[in-house]
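Asks: Here is my input; please provide its structure:
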Amino acid sequence: MDAVTSQLVIGIIPTVVGIGLIYWINRRKFYRRNGMGAEGFSSFEASVFVRFIERIGKWIAYILIILGVVTIWSYTQMKKDKQGVKMEYPAQVK
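Replies: Residues are numbered from 1 along each chain as shown. As a prediction, the model looks like this:
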């Protein structure tokens, strides 16, 4: 695998992991709600701790998505540069 292809793989993996992490956190938050729409926790400390960890998790997910998108953008630039080099032929001296 060359550097350009590995750049694409390195860009896709954190993007997918970040989207999956946001989905998982939001799903947990949804299923924690009762029939009245309020979140149910066993104690105040659990409420504060879980919400804090979920907030940190979402920030990590956002960072992963941004990192993945920047890496994919870098891949497109590398691919353009690689194709541009192949098309340009130097003038041959006889």
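Asks: What helices and strands are in contact with the longest helix along the chain?
Replies: Longest helix in the chain, counting residues (DSSP state H): helix 44-87. The contact analysis (3 or more CB pairs under 8 Å, 6 or more residues apart in numbering; DSSP states H and E) places helix 44-87 against helix 3-31. Yep, even glycine has a C-beta here, placed from its N, CA and C like the rest.
Asks: Report the buried residues of the helix it packs on.
Replies: Buried residues in helix 3-31, counted by 16 or more other CB atoms under 10 Å: 4, 7-8, 11, 14-15, 18, 21-22, 25.
Asks: can you check stretch 37-45 too?
Replies: The neighbour-count check on stretch 37-45 (16+ other CB under 10 Å) flags nothing as buried.
Asks: hmm, who's touching it?
Replies: Stretch 37-45 is contacted from outside by 29, 32-34, 47, 50, using CB atoms under 8 Å, 6 or more residues apart in numbering.
Asks: Out of those, which two sit at the greatest distance?
Replies: Greatest spatial distance among the contacts of stretch 37-45 (CB to CB): 34 and 50, at 15.4 Å.
Asks: In terms of neighbours, single out the busier of the two.
Replies: residue 50 (16 against 8; other CB atoms under 10 Å).
Asks: any idea how far residue 24 is from that one?
Replies: Taking CB to CB, to the nearest Å as the measure, residue 50 falls 13 Å from residue 24.
Asks: cool, and residue 15?
Replies: Taking CB to CB, one finds residue 15 at 15 Å from residue 24.
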